[in-house]
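K.L.:
below: sequence and its predicted model.
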Protein chains: 2
Amino acid sequence: MKIVHTADWHLGRILNGKSLLEDQSYILEQFIEAMRKEQPDVIVVAGDLYDTSYPNKNAIQLLEHTIDVLNLEMNIPLILISGNHDSKERLNYGAKWFEKSNMYIRTSLNDMQNPISIGDVDFYTLPFATINEMQYYFDDEEIETHQQALAHALKKMNEVIDEHRINMFIGHLTVQGGIRSDSERPLTIGTVESVEEKVFQQFDRVLLGHLHHPFSIDSNFINYSGSILQYSFSEVDQPKGYRIIEINENDIKDKFIPLKPLRQLEVIEGDYEDAIQEKLKVKNKENYMHFKLKHMSHVNDPMMHLKQIYPNTLALTNQTFEFNTSMYHENIEIQKLDDGTIIDNFYQSITDEQLTTNQKQKIEYVMRAMLEGGSN
Amino acid sequence: MKIVHTADWHLGRILNGKSLLEDQSYILEQFIEAMRKEQPDVIVVAGDLYDTSYPNKNAIQLLEHTIDVLNLEMNIPLILISGNHDSKERLNYGAKWFEKSNMYIRTSLNDMQNPISIGDVDFYTLPFATINEMQYYFDDEEIETHQQALAHALKKMNEVIDEHRINMFIGHLTVQGGIRSDSERPLTIGTVESVEEKVFQQFDRVLLGHLHHPFSIDSNFINYSGSILQYSFSEVDQPKGYRIIEINENDIKDKFIPLKPLRQLEVIEGDYEDAIQEKLKVKNKENYMHFKLKHMSHVNDPMMHLKQIYPNTLALTNQTFEFNTSMYHENIEIQKLDDGTIIDNFYQSITDEQLTTNQKQKIEYVMRAMLEGGSN
């Protein structure tokens, strides 16, 4: 029995104004080709198929094309659950017809006691739900954290679980200690969103979505597949791909298989002139770039100049390293500095120039007038 | 063989700020119950299932529920085409899976030579397409009217049509001479949108959507089913329902079956005081009302007062009948009137009051100053 675990496709995602649809289409073609070779018994997509609850028509068509090839053409059963980015109603549309072709779309809490059986394995699904939805579903207003909500759901699953089968949990949530990225929208505001690893102990394997790093958590039975692409500059250098879980008798093994994207994300730090003269090391000039550069305050429209060399530059930060690297120390010491020095440092960091004596005097004059005015 | 023909559901429609979803849900329940009795061999929905290309989740769920009951629960084959209000991509989503359950969603011109065969009947589908889409599809920029585009499509259909079968055309378009309503968004701007009846002669029956009146056209083989509800105040008093086409040997008969809606639309004309005192005849106080009233200029927030009695009042027009009924004649004569009389009439129609002598003099003074100023 071979299970492929993927999640967080985020179709339709726009990063810094740039649609990633071409990259998503490319990586899903890689995924489809990989599936042709793997010939898995089932593919699990653990939530966040779309990036938004109102996906555009191109994103919808990309999802439809992908599941069409995988499910109808290649006859692979699919299990999809909704994540916190998905609209339940939109993702679930047509589910009853899809199910006739062994494509299972699970967006409702109502199915938590209704596992999907494929071969020797029962798949229990818990699509993303807000605390409010959980309170409503369990008719229990005392549920205040995801941990409590999950405990209720797992108790329900325990009522029906068959210990003679191999049992897998599919969910979209944060396990304590997981590595976070910037592109994972928080699941909740005002309460701890992570749940404890130990609560899943009745399951042989836990296949999760939400965290984008494929090695987000160090566990021998819980895995995040990670996202299929790097979706924020905090995910630079993270491998992206899918995970295979192979079951032989009662031996379960998994491995992560990386996929090669059309473009990666890169963060490039250095001097503006070095960037323009291509002296800074980049992996690929076509990658999506976030430049963090110094000594560029004299340049008119540096972004335009950078894009002429690195066409997919998506972000540019003006950075003065000398100042920034010492900032951590200075932050602590800043209250000890006098106002003029603070302003002088700030001016240097923004313009790469020092204040003239004349400017310093004028600032001192204005500051004194303000402070004395304030004490009256 | 029994065919049910319906169209123009416009799910998600909002009329004067009021969502008609409750009415749509009600009428589709009536339709479902009628289908339980009719037990047709196929149901044809000739376009405009949704009112907008971005239907909200409630509209999506209503469509899904309706086709679920009709197709999966009652096992009735369905043929759906897209109209000018539908998003092709959204309506088409999942079509390959649906087709396995005999639900045919046709949104593409590519299928015009690919009829759907049910029993003795071949159904040829022509979803709505813009002139541009037709030009692109036929690679012919000389297509400039819907008539020309349709001629091309019918020629294509003629290449494959089997005259030994009963052939039906399903489309979403305007046939010349059809009765129009306000809620049918024009198919095109800047060119004649209607097509001639005679071009359809190779078909035994033509089942159309777009025009909302079920008797839009006087033909013995072309029919509009009309919309399932009154969708604008220009459709007041129009019957709404579905049409049955019954085929016995080569005898084809049709009849229109009305459905009873939750609320109808009414236009009520009269005096404001009579409306408030419930002296004006209305069919049902719960209906969606458009009041056209006179003598209400002295009333503060007349809409509020009307809604206390007629809670579903959606429109209110201030109307002075004496003025309006004579307007048609006066429009022709208006150039013969002097400026003062025109302004006096206008003031009366708006305020229900006459200008005072003092006001008349001031207007005369201003007019003279303007006109003389203009001639300098």
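P.N.:
Yep, it's here.
K.L.:
which stretches of the stretch 201-350 of chain A form strands?
P.N.:
If DSSP state E, counting those that start in this stretch is used as the criterion, the strands of the stretch 201-350 of chain A fall at A:205-209, A:222-224, A:241-248, A:251-258, A:265-271, A:288-294, A:313-318.
K.L.:
which of the ones you listed sits most buried?
P.N.:
Mean neighbour count (mean count of other C-beta atoms under 10 Å in any protein chain shown) peaks for strand A:205-209 among the strands of the stretch 201-350 of chain A, with a mean of 27. (Each C-beta comes from the backbone N, C-alpha and C, glycine too.)
K.L.:
neighbours around A:E364, how many?
P.N.:
When counting by other C-beta atoms under 10 Å in any protein chain shown, one arrives at 14 neighbours for A:E364.
K.L.:
the residue of the stretch 101-250 of chain A found nearest chain B and A:M74, how far apart?
P.N.:
Proximity to chain B, evaluated over the stretch 101-250 of chain A using C-beta to the nearest C-beta, is greatest for A:S101 at 5.7 Å. Going from A:S101 to A:M74 by C-beta to C-beta, to the nearest Å gives 11 Å.
K.L.:
where does A:I350 land on pLDDT?
P.N.:
Looking at A:I350, its pLDDT reads 65.
K.L.:
repeat that for A:T174.
P.N.:
For A:T174, the pLDDT comes out at 88.
K.L.:
for A:P261, phi and psi?
P.N.:
phi -80, psi 170 (degrees, to the nearest 10).
K.L.:
OK, contacts around it?
P.N.:
A:P261 makes contact with A:23, A:26-27, A:30, A:229-230, A:240 under the criterion C-beta atoms under 8 Å, 6 or more residues apart in numbering or on different chains.
K.L.:
any chance you could map the helices in chain A?
P.N.:
A:21-38, A:57-67, A:88-92, A:95-99, A:131-138, A:146-160, A:272-276, A:302-309, A:321-333, A:339-351, A:357-375 (DSSP state H).
K.L.:
which parts of the stretch 51-200 of chain A sit against chain B?
P.N.:
For the stretch 51-200 of chain A, the contact set with chain B under C-beta under 8 Å from any C-beta of the partner chain comprises A:54, A:57, A:60-61, A:64, A:68, A:72, A:87, A:89-90, A:93-94, A:96-98, A:100-101, A:103.
K.L.:
tell me which of the strands of the stretch 201-350 of chain A sits nearest to B:N220.
P.N.:
Closest to B:N220 of the strands of the stretch 201-350 of chain A, according to C-beta to C-beta: strand A:205-209, at 59.0 Å.
K.L.:
that closest one: partners in the sheet, and parallel or antiparallel?
P.N.:
Neighbouring strands of strand A:205-209 in its sheet, by DSSP bridges, are strand A:166-172 (parallel), strand A:222-224 (parallel).
K.L.:
in CSV, list the strands of the stretch 201-350 of chain A along with mean pLDDT.
P.N.:
Shown next, in CSV, are these (pLDDT from 0 to 100):
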stretch, mean pLDDT
strand A:205-209, 95
strand A:222-224, 94
strand A:241-248, 96
strand A:251-258, 95
strand A:265-271, 95
strand A:288-294, 94
strand A:313-318, 92
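K.L.:
in TSV, list the ones you listed along with distance to B:D218.
P.N.:
Shown next, in TSV, are the strands of the stretch 201-350 of chain A (distance: least, C-beta to C-beta, whole Å):
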stretch	distance to B:D218
strand A:205-209	59
strand A:222-224	66
strand A:241-248	62
strand A:251-258	66
strand A:265-271	65
strand A:288-294	62
strand A:313-318	61
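K.L.:
for A:M303, which of the ones you listed is the nearest?
P.N.:
strand A:313-318 (5.2 Å).
K.L.:
so which elements touch that closest one?
P.N.:
Counting contacts by 3 or more C-beta pairs under 8 Å, 6 or more residues apart in numbering or on different chains; DSSP states H and E, strand A:313-318 is packed against strand A:288-294, helix A:302-309.
K.L.:
got the contact list for stretch A:97-109?
P.N.:
Contacts for stretch A:97-109 (C-beta under 8 Å, 6+ apart): A:67, A:71-72, A:75, A:77-82, A:86, A:88-89, A:91-92, A:95, A:116, A:125-127, A:129, A:133-134, A:137, A:153, A:170, B:72, B:94, B:97-98, B:100-101, B:103.
K.L.:
for the closest residue in space to A:L21 that isn't next to it in sequence, the count of nearby residues, please.
P.N.:
Nearest residue to A:L21 in three dimensions, chain neighbours excluded: A:N58, at 5.5 Å (C-beta to C-beta, 6 or more residues apart in numbering or on different chains). Applying other C-beta under 10 Å, we find 16 other residues in the vicinity of A:N58.
K.L.:
no further questions, thank you.
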